[in-house]
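Engineer: got a sequence here, can you model it:
(4 chains, ligands or ions: 4)
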Amino acid sequence: SAAANCIKGDRKAPYTVGWANIYSVPTWMKQTEGTIAAEVEELKKAGLVKDLMITDAQGNAQTQIQHIQSMIDANVDAIVIIAGSSNALDRVISDACDKGIAVVNFDSLVNTDKVTAKINTDSAEWGAGAAKWLSEQLGGKGKIIVMNGPAGISVSDDRRKGAQPVLDANPGLEIITETNTEYNAAPAQEAMTSLLFANPEIDGVLSLGGAISAGSVMAFDRQGREQVPITGENARQFLELWKEKGLKGWATMQPNWLGAFSVYTAVQALEGKDVPAFIRVPLPVIDDSTIDSYLARADKFPADGYIYSDYDKALFDKLLAQ
Amino acid sequence: MKAVKSLFRNPPLLTLVLVALVWLVAGLTLSGFGAYGHLRYLLELAAVIGIAAAGQTLVILMGGIDLSVGAVITVTAILVPLISPAWDPTGLVGVALALTIATGIGFLNGAGAAYLRVPPIIMTLAMATFLQGLLVVVAGGSAVTVSNPAVLLLGQARPLGVPAGILLWLVVSAAVLLIIHRMPIGARFLALGANPLAARLSGVSVARNTLILYALSGFFAGLAGILVLGMNRQGYVGIGDPYLLTSIAAVVLGGTSILGGRGTYAGTIPGAILLVTTTALITVVNASPGWRSIMFGTLILSLLLVSGREARR
Amino acid sequence: MTDKKPLLEARQVFKGFFGNPVLKGVDIALHPGRVHALLGENGAGKSTLINLLSGALQPDSGAIAVDGRPVGRFSPATARAAGIAVVQQELSLTADLSIAENIGLGAFPRRFGLIDYAALHRGVREVCAMVGLTEPLDMPVADLALGRRQMVEIAKALFRKPRVLILDEPTSSLSAHEAGILAGVIEMLRDRGTALLYISHRLNEVQALCAHVTVLKDGGVTADQSLSGIDGEGLVRLMVGRETGDLFPPRPACTPGAPRVDVTGFSAGLVRDIAFSARAGEIVGIGGLVGQGQEDLLLGLYGAIPAKASSAEVSGKSGLPADVGAANAAGLVYVPADRKHEGLVLPHSIASNLILPSLGRLARNGFRDRPAETGLIADLARRLTIKGDVARPVQALSGGNQQKVALAKWLPLDPSVLLLNDPTRGVDIETKREIYLMLRAFAAEGRLIILASSDTPELVHLCDRVVVLREGHVAATLVGDAISEEAIVGAAMGVDRKGAAA
Amino acid sequence: MSAVSSSGWLYGAIQSRRNRGLGGLYLVVAAFLVLYVVLFPGILSVGGFSKFTQNWFPLALVTMAQALLMLNGGITLAIGPLVSLGAVIAATTMGGVFGVPGGILAVALTGLGIGAVIGVIVAQLRLPAIIVTLAGSFIITGVALLLLPRPGGFIPGWLSTGLAGHTPVAFLLLVLILLLWKVFLATPLGLGIYAAGDNPIGAFRSGVPVERVKIAAFALSGLLTALAGLFVAAQTGSGDPVIGAPFTLNSIAAAVLGGVGFLGGKGTMRGAVCGSLLLSVMINVMFFLGFPPVAQYIAQGLIIVGAVAVPELLKQWRARR
Ligand SMILES: Nc1ncnc2c1ncn2[C@@H]1O[C@H](COP(=O)(O)OP(=O)(O)OP(=O)(O)O)[C@@H](O)[C@H]1O
Ligand SMILES: Nc1ncnc2c1ncn2[C@@H]1O[C@H](COP(=O)(O)OP(=O)(O)OP(=O)(O)O)[C@@H](O)[C@H]1O
Ligand SMILES: [Mg+2]
Ligand SMILES: [Mg+2]
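Structural biologist: Ligands and ions are numbered 1, 2, ... in the order given. Reported below is the predicted structural model:
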């Protein structure tokens, strides 16, 4: 069978894997790194991996380019990447691909297709799912506020774009205002508080990720406003507030095990397996029926972390078989 | 006429008048802006910036700058839940420990600037980088929801309807104003800022004052970190980041010279309120992110045009 | 000579700052081939007038005329184009640029739009030779002592090949030797037909060099006349407007007390391995050419620069003070030569400058005692006759009054050793007299005064003993009647040693 | 002495004297470079050298832009946004009718124009540069977001390959720009930047048009920054409205590391560029030493402090002996 993209078949196990992170400090990243490290341990036991090199570009896409270049120079066998910019890395990544390095890109994707595989959930589906749930909650009409992630970043843009068709289809939903904040609780709380004062009537909040929902809920709470239906992500803080305040909520997630899965995929490709060029990971949905199963595992996760769904090799193989 | 003239020579007062004007105009034109609760909330937000900018004001008055303010806020916000001992029902021990660490970080900044002669900007920037690394170690996989009662009280309590954070800010303001205007050390900071050589030859010890100052800056940043933690009930990495540039901007908007030697915390106070107000105004405007960014910049620039004139040569 | 057309004139110029008039209708005319003196006490408006003449400031009313024609908007660049050059009182140099680049700044010879370093080198070498600047031309000005910078400032003006040369206190930090070189240059330029304006508070120089004088007082011209036939006393009378006594107070027989400074094998900065001692009640002068280590000697004793000594006893304590704080605690105080950069916090008020060293002493329970401070400030201002509102920034004071502030701030510490570095630099004659009287009184109270000075007459008439430094070593120690201008200059130039060798 | 040789002497002597105080930094940088070569000999190949210098190039440019202002007694916090804007303009105009030349011209004019406007505000209205440029940074970010709300745009492949392929074009450009800086510094305007930064009143009285010099400094700085953005666009093959953000602090750090002072007139461009090289090579060396991220942060802090502190301590130690 034809080998995967970039793979030339000249590399032999055990492999050296490079993990080119854009920024290692946020908790989501720490958790992701945890799944990667755990996966590498597994693969080491199987004699497939000998080394893991980790870099942290400190949020600087330019530095990430430099790191990937250094990984090429150091002749690693696989590079796993969360991109700091959706297109800045295109050229250095295609260089790596030309060298026969297995390049697996997940979470923040690059434009170029010269990679072994891209692994991600679907941001548009995320936005659409959230908007659809909210619209159903509100019976298709009401005043809503849209809370976006930071401007100029593809992920926040994609989620917002994904929501648009649903919003268009429900003309009864009125976006009274829309704003951008970091994917963090404090700035979100701050922004939502200002919006609360400016808008006496709010029926729902379409929050598109991170700890933004937690910040919004706390803003409602602190200003003594009645909570409204709100969408969100699997941030532990949000899930706990959801339960504690009895919210009408909906959440999805960007599973941290995408990291582990990417390493697994890279090694599979190096081993000569054909892997799909794009692996779409279905979005797990958290709603009132499933939230308890997540909260039951809460104390295994950092308080400002994300409670991700379980994963195992079988799941990975199933995803690879798509 | 004369009153107007003297107003323009008094940057703190001018900034305060500016705040009042902005509040008046916004309150009349935007629904909900002028509500008592909203203004109170703005002040509460300003308290964090104001407290962080307290140390920054002192450092800038002495001709330095502290780029580790944001990192220190983050470090404290994350450390308090971790180091608060379970046996202490008041939570004060944890707070004291965290403040000691923050002060210690500031002290190290001062030592680097004073003894290693590293320019403050480099020293504090390197310290911020260093602390980021430390956070990766400390914050990896640990709980950081705060249960410390003292911190929660600070963040949530409203004695007589006034948020505790604002009260803390009042105390800090009084202390800093006392330091600057009523204590010998304040006059020494100012002299060092305006002419370090002359101050040194007049018997003002550069090293000693640098140490005290950066330690104070660390302390106030730590205090701001505790307040932020109380207000958010959770510390996370990056929580302090927004306060670095805002603390500097509040100082400069308040009429303090970035070159040192001239200014007062009395200007920083309205400067902090002005920044928070501007941010709130921009948040409620329904426009694309690009336009909102442009409006924010333009607003700051126009406020500066009124308040920030440097003396003509 | 005077019937020639004036090259540069001010006609009825008025100038004020923030509503305070400084010049109220002043006329002055500079003629080719004549050295014109501009006199007046500190703050009379001399520097302001030359700033008008050189385009650095615009008059509020009145006109500046070049070659008899009034000029419209006058800027430093157009003034230079008209052949006007100024030796600034506040140095206009850039510390990090080389001597050559500083000299050329604003008047660079160019080729293809670029600075022509060859032509610059030629021109700069020529003017440096004229003023006796022997330092390498590529040296950054930051490395030069104040006096040498002053020579660069002079060379810079000469480099512009001016038709009109204005010198604002060019000798205030020069020793007799350098001042002599400058005098030679001035005479040469005069003979070549340059119009010169000369400002100085050293009246002997004015008398030696100048042919005509304008005196400013209270914003007006009180004299504008030829200097021929006027002697030194006449000049003082012209300036002060009344009969005055001797400039220098009588020197009582010196009865030195206990040793206050006693060092051997002392090195600091340029100073290498010298022995030096002085006793209470003495005024000890430190002389020499500009930049031979005089300042480093004082700074080393003051703990302000690293210093070492094989044995040291300072103010009753053994060992050198570790830092300025220790020196102050031991009763040593220092008044720097460059008061604007080292002595005063210019943008701060007179009051805060006066109180700075005493802050700690006056504090009670960690807080400043405002009434006590106000009392002390008022007392100091009265004792040193510093007039006006003490809340004014000290930079608004004239040079002389600034100097008084720099000195006065130390008095509350009741110092036992005063290290003074050119304390009368740029100070007018009246103030000088006040300062001299004060120093004499200090000595009489049993304080030790170590006085580095570029003003040789001051060393001669005020000091009980003069130590002349040359290249960091003691070239001579002159006592009593042996102190004379010739002896000091001779020792400074190394003539003594040559004489001894012969 | 002939005119030519005397010219050579003075100019050469002044230039070599400007290295004073940089010896320590040169040593540190050299040590890192040697270490890098030992760890990764491939850097000595044309390809390896090209790639390394390409990654350093934009930082070098923005450091020059920052140092230029700091020498003049100013500072800018708008570096990052202006890099982004440069990249965005390049990526949005090069596909247009005027093609690559039009794009380059548009970027250059934007940089010059924005710099000049900031310069006029700072110089004529006498507002503190730090906060004017902070406000400016928001405005510039906004414009970049309006032009290109999310990463994208178009850069012709040949331009990317030309500037950031396997040839050391970026390095040669840097050499060229440094030469141009030398030439600029040999003009009265260039030296005026130093003089007006160190002693504005003195410079004014010497006939230096202080205000105009300041505006020119801001304009040139803007030009360099926008060109750095153009290069980033070429290197990455597209535009990104927020890619420049980290450059602001890095440019200041590199300049200060290179000995450029805040109060104006202190420091040299070569020092600043060396500082940027240190920041850049440090990243690669730490990678090849196999530092984990935690150690990278901590080592970075220590190296930066050390590079300034060690030469200073040595100097003090020598002075005491
Ligand atoms: N830029 C200024 N702003 C305000 N006041 C000024 C300014 N320049 C000068 N003055 C005031 O003008 C007066 C005259 O100053 P000027 O420098 O001309 O005196 P001067 O005759 O040169 O004194 P000196 O002999 O001390 O050099 C001073 O009292 C000073 O306070
Ligand atoms: N209020 C003020 N604000 C700003 N600058 C001032 C002010 N007052 C004076 N200056 C400046 O400071 C200088 C001090 O005044 P003045 O000329 O009288 O002292 P000076 O004699 O020049 O000092 P020195 O002789 O010590 O060099 C003035 O020339 C002027 O340039
Ligand atoms: Mg004067
Ligand atoms: Mg004077």
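
Engineer: tell me the contacts of D:Gly259?
Structural biologist: Contact analysis of D:Gly259 by C-beta atoms under 8 Å, 6 or more residues apart in numbering or on different chains lists D:Gly21, D:Leu22, D:Leu25, D:Lys266, D:Gly267, D:Thr268, D:Gly271, D:Ala272, D:Gly275. Heads up, the C-betas are built off the backbone N, CA and C, glycines and all.

Engineer: which residue is the nearest non-sequential neighbour of the second one?
Structural biologist: When you say that, I think you mean D:Leu22. D:Gly271 (5.1 Å; C-beta to C-beta, 6 or more residues apart in numbering or on different chains).

Engineer: which parts of the stretch 201-313 of chain B are helices?
Structural biologist: B:206-232, B:242-253, B:265-284, B:289-307 (DSSP state H, counting those that start in this stretch).

Engineer: now name the helix or strand holding the residue nearest to D:Leu22.
Structural biologist: helix D:269-288 (DSSP states H and E).

Engineer: next secondary structure after that helix?
Structural biologist: Immediately after helix D:269-288, counting by DSSP H and E, sits helix D:293-320.

Engineer: which other helices and strands contact that next one?
Structural biologist: Contacting helix D:293-320 under the criterion 3 or more C-beta pairs under 8 Å, 6 or more residues apart in numbering or on different chains; DSSP states H and E are the following elements: strand A:49-56, helix B:120-139, helix D:23-39, helix D:247-257, helix D:269-288.

Engineer: what is the burial count for residue 196?
Structural biologist: Because you didn't say which chain, this covers chain A. By the criterion of other C-beta atoms under 10 Å in any protein chain shown, A:Leu196 has 23 neighbours.

Engineer: switch to chain D, please.
Structural biologist: 31.

Engineer: and the stretch 51-200 of chain D, which of its residues are near chain C?
Structural biologist: D:Val183, D:Ala186, D:Thr187, D:Pro188, D:Leu191, D:Gly192, D:Tyr194, D:Ala195, D:Asp198, D:Asn199 (C-beta under 8 Å from any C-beta of the partner chain).

Engineer: so B:Leu216 touches B:Asn109, yeah?
Structural biologist: No. Counting by C-beta atoms under 8 Å, B:Leu216 does not reach B:Asn109; the two are 10.8 Å apart.

Engineer: neighbour count: the two, which is higher?
Structural biologist: When B:Leu216 and B:Asn109 are compared for neighbours, B:Asn109 comes out ahead with 30 against 24, by other C-beta under 10 Å.

Engineer: C-alpha coordinates for the helix or strand encompassing that one, PDB please?
Structural biologist: Assigned by DSSP H and E, B:Asn109 falls within helix B:92-115. Provided in PDB are the C-alpha atoms of helix B:92-115 (Å, rounded to 0.1, in the frame of the first residue of the first chain):
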ATOM      1  CA  LEU B  92      -3.700  35.000  56.600                       C
ATOM      2  CA  VAL B  93      -0.700  32.800  56.800                       C
ATOM      3  CA  GLY B  94      -0.900  31.800  53.100                       C
ATOM      4  CA  VAL B  95      -1.400  35.500  52.200                       C
ATOM      5  CA  ALA B  96       1.600  36.500  54.200                       C
ATOM      6  CA  LEU B  97       3.700  33.800  52.700                       C
ATOM      7  CA  ALA B  98       2.700  34.700  49.200                       C
ATOM      8  CA  LEU B  99       3.400  38.400  49.800                       C
ATOM      9  CA  THR B 100       6.800  37.500  51.300                       C
ATOM     10  CA  ILE B 101       7.600  35.600  48.100                       C
ATOM     11  CA  ALA B 102       6.400  38.500  45.900                       C
ATOM     12  CA  THR B 103       8.500  40.900  47.900                       C
ATOM     13  CA  GLY B 104      11.400  38.600  47.700                       C
ATOM     14  CA  ILE B 105      11.100  38.500  43.900                       C
ATOM     15  CA  GLY B 106      11.100  42.300  43.900                       C
ATOM     16  CA  PHE B 107      14.100  42.300  46.100                       C
ATOM     17  CA  LEU B 108      16.000  40.100  43.700                       C
ATOM     18  CA  ASN B 109      15.100  42.500  40.900                       C
ATOM     19  CA  GLY B 110      16.500  45.300  43.000                       C
ATOM     20  CA  ALA B 111      19.700  43.300  43.800                       C
ATOM     21  CA  GLY B 112      20.200  42.700  40.100                       C
ATOM     22  CA  ALA B 113      19.800  46.300  39.200                       C
ATOM     23  CA  ALA B 114      21.800  47.600  42.100                       C
ATOM     24  CA  TYR B 115      24.700  45.100  42.400                       C
END
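
Engineer: in the chain, which residue is most central in space?
Structural biologist: Went with chain A since none was named. Against the mean C-alpha coordinate of chain A, by C-alpha atoms, centre = their mean, the closest residue is A:Gln254 at 3.6 Å.

Engineer: ah, I was thinking of chain D
Structural biologist: Short answer for chain D (C-alpha atoms, centre = their mean): D:Thr63, at 2.2 Å.
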